[in-house]
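In: predicted model, plus sequence, below.
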Protein chains: 2
Amino acid sequence: MGKQYTTLKDVARRAHTSTATVSYILNGVQDRYVSDELRQRVLTAAQELNYVKSALASGLKGKSRGVIAITVPQFTNIFFSRLVLAVEQVARAQGYVVTMCNTFDDPDREREVLESLIQQRVDGIILIPSERSTQNYELIRRIGVPTVIAERPMLDYGYEIYDYILIDNFDLAYRSTRYLIEKGHRNIAFLTWEARVVSLQERLRGYQAALQEADIPYRPEYVLQGPLQPGGRMPDDPPDARYASAGNRCGIWVSFLCPGRSAGASGTRGPHSRGPFGFCHW
Amino acid sequence: MGKQYTTLKDVARRAHTSTATVSYILNGVQDRYVSDELRQRVLTAAQELNYVKSALASGLKGKSRGVIAITVPQFTNIFFSRLVLAVEQVARAQGYVVTMCNTFDDPDREREVLESLIQQRVDGIILIPSERSTQNYELIRRIGVPTVIAERPMLDYGYEIYDYILIDNFDLAYRSTRYLIEKGHRNIAFLTWEARVVSLQERLRGYQAALQEADIPYRPEYVLQGPLQPGGRMPDDPPDARYASAGNRCGIWVSFLCPGRSAGASGTRGPHSRGPFGFCHW
DNA sequence: CTGTTAGCGCGTTCAA
DNA sequence: TTGAACGCGCTAACAG
């Protein structure tokens, strides 16, 4: 329909009082005494007119907008969905709304997104950088929007400049691999995804480090690049070996082979993990 | 950080002109002549000050906010992720930002979400109703925010009141089942999910209708409720039959059994389908 | 102590 | 080209 929104003034008029009083009442301002009768009149009027205060007008006066944005490189990747979900829950508990935007891992797209978010004057941005993005972050820095970089490092900046939340991918892969080695495995596969993703490279390094430390030779054939399908094979597999499907969302699955038996698999441990080695972090 | 945002006034001051002129220039208003020299001065000033116009202030004056909201009942369900992704792409192409909010299929949560969206004065809402939500939509109707109900019907309202985008679940399941029957199958499984979801009930009805029409008795044991795991079994399965994993996101997979062989599976056809029967609409 | 007036913030737009 | 009013909620300051 698009009727006009009811304004404070409308409510004041109907309650035969001033906008100031209405504002005080509706915002429950303390140390401001209003007669019960008037308060009631105002509340009723607001109700009847379906008054909903505009966050726009509030925001103008330097008040927080109550909006946090998060930019995501891959919308339909469940890893990011979960991350966003977690963000949204915390934000909502604090009274914030979350806007999320997909950047498609495309720096140009990302810049567009950031610009529109700044136009919207969001209170803060949680930014999961697209791969190989570079100067986009100059923008947010010049403007000064509070921003946290999450999940992926930014290649061209030192860690001093921005606030980060990252996982130590190297260490996790290292420890995961070590765990398997300590269990007595020596044929350890590394299931991965696109090589250009920095966090995956880190994990590969961790994997290699653990192997080297145990004097297990690094065998490139054991590094399998996704998207992995069910039925994919490891080099020495017995014909009936079978892997869990990682779909197109495999990151690190440090798999171990027991020759002659089916393969098991285990992921890395991380903040989104469900118990040790039970989670695939892709 | 949080330096103040640069305002129109700042730009005007630096360019030694008025805010009006700056506004006109920056918005590229036609039929308004400005000397090239002044225009250049303004553009430069805006650049130097990192001016980004506030959508808030623009919005106050009745201008569109450039924000569309979509409420989603399940954030991490890839079906909805894809839907949101599609919405986001179209919206962005039109210059809109998309805000998405998770309602957790919880009517109370949904109401909170809707209220905050209205506060934010979003231009429009795409609403995927939570299951069993009822009076929440009175709100948006009273207020008059342009709204489209998507993907799920609202139980307590006739279709006349709101604008809908729905899939004909009955027909799709009916046709899918028929297709399998015409291929000569008679043992047709129906893999489904929570029974209270209306669209799944509709699909079950379509499935039953097709069976009945072909004089195939309806066998409740063939209706499998998810979450389905790989290795789940159909009643008459040979021991080596194997199903595709539907994870926790199975809706309708009309599976067919070829006794003595592994089972195949096919989904329903819908707007998000990738070709006939190639898509699982859960 | 209770309620009102008035002006701010910022981009838009009419009138001059 | 520009001054100034406007839209809407907030709030300091003032009046009753």
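Out: Arrived safely. Numbers count the residues shown, from 1 in each chain, chains lettered A, B, ... in the order given.
In: list the contacts for the closest residue to DNA strand C within the stretch 51-200 of chain A?
Out: Per C-beta to the nearest atom of the strand, residue A:60 is where the stretch 51-200 of chain A lies closest to DNA strand C, at 3.9 Å. Heads up, the C-betas are built off the backbone N, CA and C, glycines and all. Residues counted as contacts of residue A:60 (C-beta atoms under 8 Å, 6 or more residues apart in numbering or on different chains) are B:56, B:57, B:60.
In: pull the contacting residues for the second one.
Out: The contact partners of residue B:57, by C-beta under 8 Å, 6+ apart, come to residue A:60.
In: how about the first one?
Out: When the contact criterion is C-beta under 8 Å, 6+ apart, the partners of residue B:56 are A:56, A:59, A:60, A:65, A:120, A:121.
In: of all those residues, which two lie farthest apart?
Out: Within the contacts of residue B:56, A:60 and A:120 form the most distant pair, 13.1 Å apart (C-beta to C-beta).
In: re the thing from before, so of the contacts of residue A:60, which ones are in strands?
Out: Applying DSSP state E to the contacts of residue A:60, no entry is found in strands.
In: flag the shaky bits of the stretch 151-282 of chain A, pLDDT-wise.
Out: Low-confidence segments of the stretch 151-282 of chain A (pLDDT under 70): A:155-160, A:193-195, A:225-282.
In: from it, which residue is nearest to DNA strand D?
Out: For the stretch 151-282 of chain A, C-beta to the nearest atom of the strand, closest residue to DNA strand D: residue A:163, 27.7 Å.
In: buried stuff in the helix or strand residue A:175 falls within?
Out: Assessed by DSSP states H and E, residue A:175 sits inside helix A:169-182. Using 16 or more other C-beta atoms under 10 Å in any protein chain shown as the burial criterion, the residues of helix A:169-182 that qualify are A:169, A:170, A:172, A:173, A:174, A:175, A:176, A:177, A:178, A:179, A:180, A:181.
In: just checking: which of those also lie near DNA strand C?
Out: Subset of the buried residues of helix A:169-182 in contact with DNA strand C: empty, counting by C-beta under 7 Å from any atom of the strand.
In: just put those residues in CSV and tack on distance to residue B:210.
Out: Shown next, in CSV, are the buried residues of helix A:169-182 (distance: C-beta to C-beta, whole Å):
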residue, distance to residue B:210
A:169, 50
A:170, 55
A:172, 50
A:173, 50
A:174, 55
A:175, 53
A:176, 49
A:177, 52
A:178, 55
A:179, 51
A:180, 50
A:181, 55
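In: closest to residue B:146 among those residues?
Out: Nearest to residue B:146 out of the buried residues of helix A:169-182 is residue A:169 (C-beta to C-beta; 44.7 Å).
In: roughly how far does that closest one sit from residue A:204?
Out: 9 Å (C-beta to C-beta, to the nearest Å).
In: quick one: what helix or strand has the closest residue to DNA strand D within the stretch 101-250 of chain A in it?
Out: Here the residue of the stretch 101-250 of chain A nearest DNA strand D is residue A:121; by C-beta to the nearest atom of the strand that distance is 13.6 Å. Under DSSP H and E, no helix or strand contains residue A:121.
In: can you pull the contacts of it?
Out: Residue A:121 is in contact with A:59, A:65, B:5, B:54, B:55, B:56, counting by C-beta under 8 Å, 6+ apart.
In: for it, grab phi and psi.
Out: Per-residue torsions, residue A:121: phi 60, psi 50 (degrees, to the nearest 10).
In: now do it against residue A:99, distance only.
Out: Counting by C-beta to C-beta - residue A:121 and residue A:99 are separated by 12 Å.
In: picking that back up, closest to residue B:137 among the contacts of residue B:56?
Out: Checking these against residue B:137 with C-beta to C-beta, the nearest one is residue A:56 at 23.5 Å.
In: surely residue A:72 meets residue A:102?
Out: Yes. Contact criterion C-beta atoms under 8 Å: residue A:72 and residue A:102 qualify, at 5.7 Å.
In: neighbour count winner among the two?
Out: Using other C-beta atoms under 10 Å in any protein chain shown as the criterion, residue A:72 and residue A:102 rank with residue A:72 on top: 26 against 23.
In: quick check: closest non-adjacent residue to the more buried one.
Out: Of all residues not flanking residue A:72 in the chain, residue A:80 sits nearest, at 4.7 Å (C-beta to C-beta, 6 or more residues apart in numbering or on different chains).
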